[in-house]
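Colleague: Could you look at this predicted model? Sequence included:
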Amino acid sequence: MPKLEERLQDLISLLVDDREEVFVEEIRLREENRRLFEVEVSADDAGKVIGRQGRTVRALRSLLALRGQRDGCRYELEVFDS
């Protein structure tokens, strides 16, 4: 079964033009039940991941929040451009 990090990378790859430039890294935060996903995409694709008025990234965060409820963990998402 793929890890959440891999699934998130696959999902974000569907949103962008330059799929080779999508990198997702999971960082475990100090608190035991918190994880941060840092997503790096090309500068041209950052707007596509963020979406108009942040709607797309907000939707991704909502999906992670739902998954976190199921897993008993808090997931956070940050998007960076390269």
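Modeller: Done, it's in.
Colleague: which residues are in contact with the longest helix seen in the chain?
Modeller: The single longest helix within the chain, with elements called by DSSP state H, is helix 55-71. The contact list for helix 55-71 (CB atoms under 8 Å, 6 or more residues apart in numbering) reads 4, 8, 11-12, 15, 37, 48-51, 74-77, 79. In short, each C-beta sits where N, CA and C put it, glycine included.
Colleague: in its sheet, what does the helix or strand that it is followed by sit against?
Modeller: Using DSSP states H and E, the next helix or strand after helix 55-71 towards the C-terminus is strand 74-81. As defined by DSSP bridges, the strand partners of strand 74-81 come to strand 34-41 (parallel).
Colleague: what angle sits between the partner strand and helix 55-71?
Modeller: 150 degrees (axes from the mean of the first three to the mean of the last three CA atoms, to 10 degrees).
Colleague: related to what we said a few turns ago, make a PyMOL selection of the buried ones in the contacts of helix 55-71.
Modeller: Paste this into PyMOL to select the buried members of the contacts of helix 55-71, with burial taken from 16 or more other CB atoms under 10 Å:
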select buried, resi 4+8+12+15+37+48+49+50+75+77+79
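Colleague: Spatially, which two of the contacts of helix 55-71 are the most separated?
Modeller: Lys48 and Arg74 (25.8 Å; CB to CB).
Colleague: and Phe23, how many neighbours?
Modeller: Using other CB atoms under 10 Å, Phe23 has 13 other residues around it.
Colleague: Give the full set of residues in contact with it.
Modeller: Phe23 neighbours (CB under 8 Å, 6+ apart): 9, 39-41.
Colleague: and it, bridged to which residues?
Modeller: Glu40.
Colleague: what about it, distance to Ser42?
Modeller: Distance of Phe23 to Ser42, computed by CB to CB, to the nearest Å: 10 Å.
Colleague: returning to that earlier point: between the contacts of Phe23, which has the most around it?
Modeller: Neighbour-wise, these (other CB under 10 Å) top out at Val41, 26 neighbours.
Colleague: ok, it touching Val24?
Modeller: No. In this structure Val41 lies outside contact range of Val24 using CB atoms under 8 Å: 9.6 Å.
Colleague: Name the residues contacting each of these two.
Modeller: By CB under 8 Å, 6+ apart, the residues touching both Val41 and Val24 are Ile12.
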